[in-house]
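**Q** Sharing a sequence plus its predicted fold:
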Amino acid sequence: MINAIILINAERTKINSVAEQLVNLNGITEVYSVSGRFDLVAVIRLPHTEELAELITEKVVQVDGITKTESMVAFKTLSKSDLAGMFDLGN
């Protein structure tokens, strides 16, 4: 499983439209509207690296209203629920 994050800047009048277009793409599981340097954060979960490359280079680039992106691939995923499960003794 490949996990990645795309930080996105969008035209001010198209932020909601960009978010709606992104969340409808296969592999993007969540899109967050955020404060700070970027307008949106898209979370990607895909089974294969090839699908990630296709999503970013062929589909995300076609979304109308995006002005800038920065992509990050996760090497390792940790969450509170993952850690809790490691110590679960079957209760």
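**A** That came in fine, so what should we check first? Not measured: the values here are computed from a predicted model.
**Q** What sits closest to residue 72 if chain neighbours are left out?
**A** Leaving aside its sequence neighbours, residue 72 sits nearest to residue 5 (CB to CB, 6 or more residues apart in numbering; 4.8 Å). C-beta coordinates here come from the backbone N, C-alpha and C atoms, glycine included.
**Q** Count the residues that sit near the one you found.
**A** Applying the criterion other CB atoms under 10 Å, we find 16 residues in the vicinity of residue 5.
**Q** what's the distance between it and residue 12?
**A** When distance is defined by CB to CB, to the nearest Å, residue 5 is 22 Å away from residue 12.
**Q** what's near enough to touch the nearest residue to residue 70 once chain neighbours are set aside?
**A** Across the structure, with CB to CB, 6+ apart as the measure, the residue nearest residue 70 apart from its sequence neighbours is residue 7 (4.4 Å). Residue 7 is in contact with 37, 38, 40, 41, 69, 70, 71, 72, counting by CB atoms under 8 Å, 6 or more residues apart in numbering.
**Q** and residue 7, helix, strand or coil?
**A** On the three-state scheme (DSSP: H, G, I helix; E, B strand; the rest coil), residue 7 is labelled strand.
**Q** Over to residue 41?
**A** Per three-state DSSP, the local secondary structure of residue 41 is strand.
**Q** Could you find the closest non-adjacent residue to it?
**A** Of all residues beyond its chain neighbours, the one nearest residue 41 is residue 32 (4.5 Å), with distances taken as CB to CB, 6+ apart.
**Q** List of residues touching the helix or strand containing that neighbour?
**A** Residue 32 is part of strand 28-33 when elements are defined by DSSP states H and E. Counting by CB under 8 Å, 6+ apart, the neighbours of strand 28-33 from elsewhere in the structure are 15, 19, 22, 23, 39, 40, 41, 42, 43, 44, 45, 55.
**Q** ok, the contacts of residue 7 vs residue 49, which is closest?
**A** Using CB to CB, residue 71 comes nearest to residue 49 of the contacts of residue 7, at 12.8 Å.
**Q** Okay, and the beta partners of the nearest residue to the closest one once chain neighbours are set aside?
**A** Using CB to CB, 6+ apart and skipping residues adjacent in sequence, the residue nearest residue 71 is residue 6, 5.0 Å away. Listed beta-bridge partners, residue 6: residue 42, residue 71 (assigned using DSSP bridges).
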